[in-house]
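S.K.: Quick one, structure for this:
(2 chains)
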There are 2 protein chains.
Amino acid sequence: MAARALLVDIHTHIYPPRYASYLRQRTSVPRILSRPTGKGSETEERLVILNDEPGGGRPVGPQYWDRGEKLRFMDKHGIDISVISTANPWLDPIPATEAVSLAEDMNTDLEEFCSGSPSLSSDESFKRVYGLGLLPLVSGVPIQSILDTISQVSTLPHLKGVIMGTRGLGKGLDDEALEPVWEAIAKAGLVIFLHPHYGVADGREWGERENGHVLPLALGFPMETTIAITRLILSGVYDRHPSLKILLAHSGGCLPQLSSRLSSCVTHDPIVAGRLKHDVRWYLGKLWFDAVAYGPEELEFVSAVIGRAERYPDTHADVSTQAALTADSAQWSKQEGARRMLWGTDHPFFPPLDGNEKWKSVVENLRAIDDVTSWTETERLAVRGGNAISLFNLET
Amino acid sequence: MAARALLVDIHTHIYPPRYASYLRQRTSVPRILSRPTGKGSETEERLVILNDEPGGGRPVGPQYWDRGEKLRFMDKHGIDISVISTANPWLDPIPATEAVSLAEDMNTDLEEFCSGSPSLSSDESFKRVYGLGLLPLVSGVPIQSILDTISQVSTLPHLKGVIMGTRGLGKGLDDEALEPVWEAIAKAGLVIFLHPHYGVADGREWGERENGHVLPLALGFPMETTIAITRLILSGVYDRHPSLKILLAHSGGCLPQLSSRLSSCVTHDPIVAGRLKHDVRWYLGKLWFDAVAYGPEELEFVSAVIGRAERYPDTHADVSTQAALTADSAQWSKQEGARRMLWGTDHPFFPPLDGNEKWKSVVENLRAIDDVTSWTETERLAVRGGNAISLFNLET
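M.R.: The predicted structure is shown next:
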């Protein structure tokens, strides 16, 4: 029972040293560049991961790759365990000829990063740090190499899944070529953490006003995730691989709020509807969602759409035959939905403006959990850590 | 009090005859074309409003322009009053030289369409049909012509606002050139119904799988609305024109679900934060949202984010000083939020696959209201019609 009171951060990134070295060698985005600070001969490193990044990229330092820094951040905020993942854009920009060996080396590095972390003082059966590996999902890489990397990750005891972007092999996650990949990941029982990087429309929708990085990060990122998981669902991947475990970044973006509209549009399109075994809303009950949405109403809503999934087994359910919702059944479905939500911080992104403050991403996302009025303490503990321990099978 | 029990559809479109004639003359999208049905010499008209529309466009006929057809649809579904608007893409593709006179003529036509509609038999002080006019928002049109059209709409007694796309004069709704337009619309007390047409990214995000029109309609449309209203808010339009009344199509797209993330991203960007008087979430309490979201959880959530707005007056509110939410305060905020939601159908889009059925868009969106367990009958009546009567000032 003690394990269920742990605080587990499942959305927390690093740029591993090997990857940082690689970024330093690059001359185009993504890259790490060195520039004068203006104070004598002092230089500083800047990380540029997106085109046209405001301020010439962000300061980058040990908080991005040093385990001690990660643990200090965890200690400062009372985080017991972190399930870390390489930050975007992963191996996407790496040539196919190098991607496979770099993926394997980075997975080995990450295993060492985790296995060398301290044990949890309150329960020595846990490490403080676990990881999500990388697959060489790059155009031109043979599928067999991806399958081999899945096998490698499965053998590394502290890696509990993989982080994945939205592009697949260049054609998105509804690419038929990925079928053996889904099958292998499902069979291995690895969790896929689906995470955005590109936003939408190469930034052409953001207009001419100076809005810094707000629009691509706040809107573009979650929209990208939403499009990717929707295409995956509509392609029938979940019908063919029902045991696939996908965890969506940023609480699934806007998939929850658009899911009934999506269902309605599918119902009006016989070709798509005929391809799927279930109403689109049903598949949301098979997904996991991080709780990185910054507000209690958002979390309550996401738990409601997860919890309602069982009401929508059929593609063409007739609304008139469904039982009316009651306050009790709605409450129950929100509590049930909370079993598939997992707290996270998005560290080391969004650092505080004042370096001594607690990080807002931590404080706000914890506070959001406390403020979901339809959850009991049981659900709050589950979202804070219990669900992560179950999903990632951390107790074994 | 009788008025409060009326069923009012505020999201219902027509292509007025004058516009349909214009579309028939066009040789590129948007257009109405005539093609053989394959049965002898019989032809049919197809409406093509988007590039690459599946099936060569949709069948178009009197349901798109005939008042009798609109009234029959209303009678079939027990709809007392419709607030109709021209469907997308409005005047967007019209050359500036023609847009002003076409807007004025279409507004006059629409006034006649409404004034010639029957009175409501249960309360003869109401017409069955009211309308939302058009502005010549086209690149190259002088601002004064737009202001003149706003004046025109204000003088037409059955037009209660305007419908507007997301492009403004070609640079979006955060274009400084639009300042006099916002000022004039706010002063005239006209409602802006903000509606999408373009989706996002010219469809480049939808992949190669055959998904018909599902992705651009279910995801692209609401994402477009979300981006447009976010850019408008971030530009400070609401700070300068606090009495502006904007009603968002499709329940605001994904703005509600992304609003706390948006707030967080703004807080981390001092330039944007410094420009705004309030936390982004505060502005959602100044908007209206249609209730065209197809599910009860979606509606409850939208009402919650509207109702919570008052909790976020400041740009840099410190989360630790906020009062904890209680079940009572959360319930109250959802009921308060329901005062800014208005039922609609999206007629004549999404017709039933079997022509004799009731329209799913009607049945599902009414059912969704009934199933919001945190609303009382008072909120349900308000969303079904009472809010529309207040917002559009239909009683005068």
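
S.K.: can you pull out the strands in chain A?
M.R.: Using DSSP state E, the strands of chain A run over A:8-14, A:31-36, A:43-48, A:58-59, A:81-86, A:119-120, A:123-127, A:129-133, A:159-164, A:191-194, A:245-248, A:288-290, A:341-342.

S.K.: a markdown table for these, including mean neighbour count, mean pLDDT and distance to residue A:392?
M.R.: All C-beta spots, glycine's among them, are computed from the backbone N, C-alpha and C. As requested, the strands of chain A are arranged in a markdown table below (neighbours: other Cβ atoms under 10 Å in any protein chain shown; pLDDT from 0 to 100; distance: least, Cβ to Cβ, whole Å):
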| stretch | mean neighbour count | mean pLDDT | distance to residue A:392 |
| --- | --- | --- | --- |
| strand A:8-14 | 26 | 98 | 7 |
| strand A:31-36 | 14 | 91 | 30 |
| strand A:43-48 | 17 | 92 | 27 |
| strand A:58-59 | 15 | 86 | 29 |
| strand A:81-86 | 26 | 98 | 6 |
| strand A:119-120 | 14 | 96 | 14 |
| strand A:123-127 | 14 | 95 | 11 |
| strand A:129-133 | 27 | 98 | 6 |
| strand A:159-164 | 24 | 98 | 4 |
| strand A:191-194 | 24 | 98 | 6 |
| strand A:245-248 | 24 | 98 | 9 |
| strand A:288-290 | 25 | 98 | 10 |
| strand A:341-342 | 30 | 98 | 9 |
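
S.K.: what's the pLDDT at the closest residue to residue A:188 other than its chain neighbours?
M.R.: In space, and not counting its chain neighbours, residue A:188 is closest to residue A:154: 4.5 Å by Cβ to Cβ, 6 or more residues apart in numbering or on different chains. If you check residue A:154, the pLDDT there is 98.

S.K.: mind saving the C-alpha coords of stretch A:372-387 as CSV?
M.R.: Extracted in CSV, the C-alpha atoms of stretch A:372-387 (Å, rounded to 0.1, in the frame of the first residue of the first chain):
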residue,chain,number,x,y,z
VAL,A,372,-10.8,17.8,-9.0
THR,A,373,-13.8,17.8,-6.8
SER,A,374,-15.3,14.6,-8.3
TRP,A,375,-12.2,12.5,-7.3
THR,A,376,-11.7,11.1,-3.9
GLU,A,377,-8.4,10.7,-2.2
THR,A,378,-8.1,7.3,-3.8
GLU,A,379,-8.2,8.7,-7.3
ARG,A,380,-5.8,11.5,-6.3
LEU,A,381,-3.2,9.0,-5.0
ALA,A,382,-3.6,6.9,-8.2
VAL,A,383,-3.0,9.8,-10.5
ARG,A,384,-0.1,11.1,-8.4
GLY,A,385,1.7,7.8,-8.6
GLY,A,386,-0.2,4.6,-8.2
ASN,A,387,-1.3,4.4,-11.8
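
S.K.: Could you list the buried residues of that stretch?
M.R.: The neighbour-count check on stretch A:372-387 (16 or more other Cβ atoms under 10 Å in any protein chain shown) flags A:372-375, A:379-387 as buried.

S.K.: which one of these is nearest residue A:15?
M.R.: Residue A:15 lies nearest to residue A:385 out of the buried residues of stretch A:372-387, by Cβ to Cβ, at 25.3 Å.

S.K.: do you know how far that closest one is from residue A:120?
M.R.: Using Cβ to Cβ, to the nearest Å, residue A:385 is found at 11 Å from residue A:120.

S.K.: list residues touching both of these two?
M.R.: By Cβ atoms under 8 Å, 6 or more residues apart in numbering or on different chains, residue A:385 and residue A:120 have these common neighbours: A:6, A:80-81.

S.K.: just to revisit the earlier point, want to try JSON lines for the buried residues of stretch A:372-387, with distance to chain B and pLDDT as columns?
M.R.: Formatted as JSON lines, these follow (distance: Cβ to the nearest Cβ, whole Å; pLDDT from 0 to 100):
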{"residue": "A:372", "distance to chain B": "8", "pLDDT": "97"}
{"residue": "A:373", "distance to chain B": "4", "pLDDT": "95"}
{"residue": "A:374", "distance to chain B": "8", "pLDDT": "95"}
{"residue": "A:375", "distance to chain B": "11", "pLDDT": "97"}
{"residue": "A:379", "distance to chain B": "14", "pLDDT": "97"}
{"residue": "A:380", "distance to chain B": "13", "pLDDT": "98"}
{"residue": "A:381", "distance to chain B": "17", "pLDDT": "97"}
{"residue": "A:382", "distance to chain B": "19", "pLDDT": "97"}
{"residue": "A:383", "distance to chain B": "16", "pLDDT": "98"}
{"residue": "A:384", "distance to chain B": "16", "pLDDT": "98"}
{"residue": "A:385", "distance to chain B": "21", "pLDDT": "98"}
{"residue": "A:386", "distance to chain B": "22", "pLDDT": "97"}
{"residue": "A:387", "distance to chain B": "20", "pLDDT": "98"}
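
S.K.: Can you lay out those as TSV showing distance to residue A:279?
M.R.: Converted to TSV, the buried residues of stretch A:372-387 look like this (distance: Cβ to Cβ, whole Å):
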residue	distance to residue A:279
A:372	26
A:373	28
A:374	23
A:375	25
A:379	25
A:380	30
A:381	31
A:382	26
A:383	26
A:384	31
A:385	32
A:386	29
A:387	25
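
S.K.: What is the end-to-end distance of stretch A:290-297?
M.R.: 14 Å (Cα to Cα, to the nearest Å).

S.K.: swap in stretch A:165-185?
M.R.: Termini of stretch A:165-185 sit 15 Å apart (Cα to Cα).

S.K.: Repeat that for stretch A:213-221.
M.R.: In stretch A:213-221, first residue to last residue: 11 Å (Cα to Cα).

S.K.: could you measure the residue nearest to residue A:188 against residue A:395, distance?
M.R.: Counting by Cβ to Cβ - residue A:154 and residue A:395 are separated by 18 Å.

S.K.: between those two, which one's more packed in?
M.R.: residue A:154 (16 against 10; other Cβ atoms under 10 Å in any protein chain shown).

S.K.: wait, the residue nearest to residue A:188 sits on residue A:190?
M.R.: Yes - the pair residue A:154 and residue A:190 passes the contact test of Cβ atoms under 8 Å, sitting 6.6 Å apart.

S.K.: can you pull the contacts of the spatially closest residue to residue A:208 that is not a sequence neighbour?
M.R.: Nearest residue to residue A:208, sequence neighbours excluded (Cβ to Cβ, 6+ apart): residue B:171, at 6.3 Å. Counting by Cβ under 8 Å, 6+ apart, residue B:171 makes contact with A:207-208, B:177.

S.K.: try residue A:86
M.R.: Per Cβ under 8 Å, 6+ apart, neighbours of residue A:86: A:13-16, A:19, A:106, A:110, A:132, A:134, A:163.
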